[in-house]
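Novice: Provided below are the primary sequence and the corresponding predicted coordinates.
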Amino acid sequence: MLLFVIVPKAVRCQVSHIDSLLVESLGELKPSIASTPFVVSGDSSLQPLLRLMPESGGPSVPVFYIENLSATVRDEGLASARMFVNVQGALVRAGDPVARPRSMSRTFDVVLVARDRMLLETNQDRYVSLEQAAQQSFWSSTLEPVLVVIGAAVIVALFFLIRS
């Protein structure tokens, strides 16, 4: 009798190491959202991340609903990198009919492992993207500045030629 074991590919809703770093950075943003304890919520696409956050529940605890979460990593070489996190949402308090909009942006130093780099470079991470360095062409880095200087010299020469 032959027994086959099928192991499925990694489920897309699992979070990576870089995603857990994003959750840690959200924890550091909590004091700038509200001074009292609150629960973080968001739509279903954020649930894998939000499950990693520590709960601070209660019957009348305010809820911070994340409307937009973006994180970008700029590779600084070797293992170091900088993560730029931008969070937009609304703080809803019990008994208050008006939600208070909040928006925060912060930069964090992070350490990337090889798997994080691979996920970011192949754009497979669901929540964090890699900031691509703009490649300067030969035109923009060399020829354009040279032509600007030559053009300025020609204008100055023409000015003095006309005045004489």
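Specialist: Ah, there it is. Residues are numbered from 1 along each chain as shown.

Novice: for residue 153, helix, strand, or coil?
Specialist: Secondary structure state of residue 153, per DSSP: H, G, I helix; E, B strand; the rest coil, is helix.

Novice: How much space separates it from residue 143?
Specialist: Counting by CB to CB, to the nearest Å, the gap between residue 153 and residue 143 amounts to 16 Å. Every C-beta, even on glycine, is put in place using the N, C-alpha and C of the backbone.

Novice: wait, isn't residue 65 in contact with residue 89?
Specialist: Yes. Residue 65 is in contact with residue 89 according to CB atoms under 8 Å; the separation is 5.3 Å.

Novice: Tell me where the model's unsure across this structure.
Specialist: Along the chain, the parts satisfying pLDDT under 70 run over 1-15, 32, 56-58, 78-79, 125, 132-136.

Novice: need the strands for it, in chain order.
Specialist: Using DSSP state E, the strands found in the chain span residues 39-42, 63-75, 80-92, 100-111, 128-130.

Novice: Next up, the contacts around residue 61.
Specialist: Listed by CB atoms under 8 Å, 6 or more residues apart in numbering, the contact set of residue 61 reads 37, 38, 39, 94.

Novice: wouldn't residue 106 be in contact with residue 85 here?
Specialist: Yes. Residue 106 is in contact with residue 85 according to CB under 8 Å; the separation is 5.4 Å.

Novice: In terms of neighbours, single out the busier of those two.
Specialist: Between residue 106 and residue 85, residue 85 has the larger neighbour count (other CB atoms under 10 Å), namely 21 against 14.

Novice: Show me the beta-bridge partners of the more buried one.
Specialist: When bridges are called by DSSP bridges, residue 85 pairs up with residue 71, residue 106.

Novice: Please tell me I have it right and it contacts residue 108.
Specialist: Yes. Under the criterion of CB under 8 Å, residue 85 makes contact with residue 108 at 6.7 Å.

Novice: hang on, the earlier thing: going by neighbour count, which of the contacts of residue 61 comes out on top?
Specialist: So for the contacts of residue 61 (other CB under 10 Å), the most neighbours sit at residue 38, 19 neighbours.
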